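Undergrad: build the 3D model from these lines:
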Amino acid sequence: MREISALLYGLGAAQALLLTGVLVRRRQYPLLWLALLTGAFAVDLMLAAAHVVGLVARWPHLLGVDFPVTPLYGPALYLYVRAMLTGRSARRDDGLHLVPFALLVLGLLPFYLQSAEAKVQFLSHPEGFWSRMLRVLTAFKLAHASGYLLSTLYLLFRYRQRLQQLWLTVHRRWLRVLLLGGLALAGFGIGGYLLTAASLAPVGLDAGSIFDDLTLWALALFVCALSYAGLSLSPAFVPPAHPEKPRYARSGLDPEAIARIREQVLALMETEKLYRQPDLTLQALAERLGISPHNLSEVLNTAFGQSFYDFINGYRVREVQALLADPERAHLTILALAMEAGFSSKSTFNAAFKKHTGLTPSAYRRRMLARQA
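TA: Just a heads-up that it's a prediction; the model follows:
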């Protein structure tokens with residue numbers, strides 16, 4: 001059992017570190033909070049593995065290093081979901097959410113500064129002041145994490161309209177994986193704490209109990225699920241666009257006019273395939289329709305929920321998908337097909353294709369050819 005636990009914790013820690021590195025490299029504000037969450041998972045799992053294989057007993061100064069990490073879970077999850085749903089950038093008061101973590105580290109300094117002999121003694125006989133203090137702090141950590149989890153669920157209720165807009169996107173599925181996993185972890189943690197409340201555990205949970213094992217197993221499996229979801233839903237690591245909505249109060253377009261222009265736009269795209277023009281702009285399309293660019297932007301946002309370039313590139317990507325699946329065009333390069341569909345540069349095409357499909361163009365072509373074979 002110990003070998004299985006050590007292997008599971010080690011794999012979970014490695015996955016969490018890898019995922020953290022991927023997120024940090026993207027250097028985007030919402031993803032930095034997600035990186036903080038996965039980094040905290042990595043620390044917890046690495047120390048769990050160290051306990052199982054006996055490293056903590058050999059290096060006593062590792063004892064309790066992971067204890068202050070839990071207060072990072074709630075704020076990181078909350079701030080990440082808030083940024084995903086609202087599109088808010090970093091705010092000055094975001095750092096206040098990390099104050100409990102900092103206070104916990106400062107409060108535990110006397111414990112960390114003890115000698116190795118004192119920590120070995122405490123590990124073998126968890127009694128006295130620090131045992132009682134750590135149990136109280138564990139209760140606080142669980143309450144703190146639960147409060148943030150409830151706040152995150154409130155965010156989903158408050159911004160439910162935005163969530164509905166994400167329903168058909170990978171972001172909707174990604175948030176579902178993230179929040180269901182968070183609820184499961186909170187349930188395991190609280191349940192384990194309550195069921196072992198009478199014990200004298202050095203870090204608040206009974207390190208030798210099945211409940212503590214279940215909590216850590218759940219964390220390791222959750223990290224693996226996040227890694228798998230992140231790979232299969234790779235566009236989830238690109239925060240959803242939150243374009244500034246223009247003020248349409250004085251546009252003069254009523255619902256009937258919007259519906260009429262919508263049909264005209266669809267006709268130009270699907271019948272005349274106007275999107276194949278590489279130099280097509282919002283101004284040019286508006287002139288073709290005989291309306292202002294402002295009104296066209298309103299129609300695209302209101303009727304399609306997209307910006308001009310997302311709307312046009314969506315048509316281009318779907319055409320490239322059809323061309324890539326055509327065996328008679330298998331001899332043509334992907335770039336040639338992209339240019340045929342209206343893209344004007346390779347970088348724009350690659351970014352748009354992956355955003356709309358979740359795959360690179362070459363990976364999509366290999367998949368299509370494999371299915372045909």
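Undergrad: where does pLDDT dip in the stretch 251-373 of the chain?
TA: Residue ranges of the stretch 251-373 of the chain with pLDDT under 70: 251-252, 373.
Undergrad: does L134 count as helix, strand or coil?
TA: Secondary structure, DSSP: H, G, I helix; E, B strand; the rest coil: L134 is helix.
Undergrad: does it touch T70 like I think?
TA: No - using Cβ atoms under 8 Å as the test, L134 is too far from T70 to be in contact (12.0 Å). Just so you know, the C-beta spots here come from the backbone N, C-alpha and C atoms, and that holds for glycine as well.
Undergrad: name the nearest residue to A35, ignoring sequence neighbours.
TA: Nearest residue to A35, sequence neighbours excluded (Cβ to Cβ, 6 or more residues apart in numbering): L23, at 3.8 Å.
Undergrad: oh sorry, the question was meant for V317
TA: H356 (4.4 Å).
Undergrad: ok, L72 next?
TA: A40 (4.3 Å).
Undergrad: repeat for S151
TA: Spatial nearest neighbour of S151, chain neighbours left out: Y78 (5.5 Å); criterion: Cβ to Cβ, 6+ apart.
Undergrad: same question, W130
TA: F111 (5.8 Å).
Undergrad: host element of the one you found?
TA: F111 is part of helix 109-112 when elements are defined by DSSP states H and E.
Undergrad: just the mean pLDDT for that helix, thanks.
TA: For helix 109-112, the mean pLDDT works out to 90.
Undergrad: picking up where we left off before, my guess is the residue nearest to S151 contacts L98, does it?
TA: No - between Y78 and L98 there is no contact under Cβ under 8 Å: 11.7 Å.
Undergrad: out of the two, which sits in the busier spot?
TA: Y78 (23 against 15; other Cβ atoms under 10 Å).
Undergrad: and A257, how far is that from A303?
TA: 11 Å (Cβ to Cβ, to the nearest Å).
Undergrad: equivalent analysis for L134, please.
TA: 58 Å.
Undergrad: more crowded one of the two?
TA: Neighbour tally, L134 and A303, criterion other Cβ under 10 Å: the higher count belongs to L134, 23 against 17.
Undergrad: pLDDT score for that one?
TA: With respect to pLDDT, L134 has a value of 80.
Undergrad: residues in contact with V320?
TA: Residues near V320 by Cβ atoms under 8 Å, 6 or more residues apart in numbering: I334, L337, A338, A341, F343, F349, F353, P361.
Undergrad: is it in a helix, a strand, or coil?
TA: helix.
Undergrad: ok, so what distance separates it from V299?
TA: Using Cβ to Cβ, V320 is found at 25 Å from V299.
Undergrad: cool, K273 as well?
TA: Using Cβ to Cβ, K273 is found at 19 Å from V299.
Undergrad: just I261 next, same as before
TA: With Cβ to Cβ as the criterion, I261 and V299 are 5 Å apart.
Undergrad: so what sits against both of these two?
TA: In terms of Cβ under 8 Å, 6+ apart, I261 and V299 are both contacted by the residues L253.
Undergrad: just the helices in the stretch 251-373 of the chain please.
TA: 255-270, 282-289, 293-299, 308-324, 334-341, 346-357, 361-372 (DSSP state H, counting those that start in this stretch).
Undergrad: for the fifth one, buried residues please.
TA: Spelled out, that is helix 334-341. Buried positions in helix 334-341, judged by neighbour count with 16 or more other Cβ atoms under 10 Å: I334, L337, A338, M339, A341.
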